[in-house]
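Trainee: Next input, structure requested:
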Amino acid sequence: MNAMTIQWAALGLCAAGSAIRIPGLRDARGRTMFLALVLLTFAVGLSIDPLYRAMDAVLGGVNVANLLLRMALYAVFLLFGIRMAAAFGSMRARRLIAGPFGLSILALTVAATLHFFVSSELEGSSTGLHAFAGQDTVQQYAAVGRLYPGYVAACLVIPAALAAFDRHARIIHRVACALVASGYSLVVVFVLLRLTALDLMYWDVLLPFSAILLTVLGLCLIRASHVIGRRSASAANRLA
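Mentor: Numbers count the residues shown, from 1 in each chain. Sure thing, here's the model as predicted:
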């Protein structure tokens, strides 16, 4: 699977994941996850060259689209973190993400991102800012942008993995949690590898987008598990 294919696949899955949650909005269910998936769809879309260039052209051609991508991802990981920590019953993960320490990390990340963006010379649209990779501020901007997602993912890996081994849960739910745990594990691995001097080549795209595919697929299965559970309960009530 080449880079472009996996990017479009991730975009399609994110859009589908958002769409299947629309019916629940009428009953005020899943609004947080719906918003997170919409923002993730937006961020993934901006990682695809023609979509990025079209958006950035509207915004002045100075790569503001990349800044919006970063901010959208921060919001996605915050929303995912809060909701999924609660779903997995991990108060520790929730405190680490939504407590004073986690929110301080987010605030510092946003501030550093804005600082390095403003300090960089970014005239002319470039997807992923690859054309400006020689600038030290751009390298710092990219590094900072990976740390917060890595932090949130690290907080959720163990709770998701423990949920996958819950023998009292439905098989579909356990499989879903295993996919989510795998996705967050790939995020952590990717962030750690990018801290080294290794040339990741195509893995630079394959790892993060595989993480997106696994995580969103897991979320879709979790949604399916909840729907099955509600229907089973409704059928049981009718028979009672």
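
Trainee: Relative to residue 204, how far out is the closest residue to residue 69 other than its chain neighbours?
Mentor: Using CB to CB, 6 or more residues apart in numbering and skipping the chain neighbours, the partner closest in space to residue 69 is residue 46 (4.3 Å). All C-beta spots, glycine's among them, are computed from the backbone N, C-alpha and C. Per CB to CB, to the nearest Å, residue 46 is found 17 Å from residue 204.

Trainee: In terms of neighbours, single out the busier of those two.
Mentor: Comparing residue 46 with residue 204 by other CB atoms under 10 Å, the one with more neighbours is residue 46, at 24 against 16.

Trainee: and that one, what are its phi and psi?
Mentor: phi -80, psi -10 (degrees, to the nearest 10).

Trainee: Can you verify my assumption that it contacts residue 67?
Mentor: No - with contacts counted by CB atoms under 8 Å, residue 46 stays clear of residue 67, the gap being 10.0 Å.

Trainee: Show me the shaky parts of the chain.
Mentor: The model of the chain has pLDDT under 70 over residues 1, 229-240.

Trainee: coming back round to it: state the distance from the residue nearest to residue 69 to residue 70.
Mentor: Counting by CB to CB, the gap from residue 46 to residue 70 is 10 Å.

Trainee: Next: residue 57.
Mentor: Taking CB to CB, one finds residue 57 at 19 Å from residue 70.

Trainee: And the two? Which one has more around it.
Mentor: The neighbour comparison of residue 57 against residue 70 (other CB under 10 Å) goes to residue 70, with 23 against 11.

Trainee: For the helix or strand hosting that one, list every residue counted as buried.
Mentor: Per DSSP states H and E, residue 70 falls inside helix 64-87. Across helix 64-87, burial judged by 16 or more other CB atoms under 10 Å covers 64-85, 87.

Trainee: Also stretch 172-189?
Mentor: 173-188.
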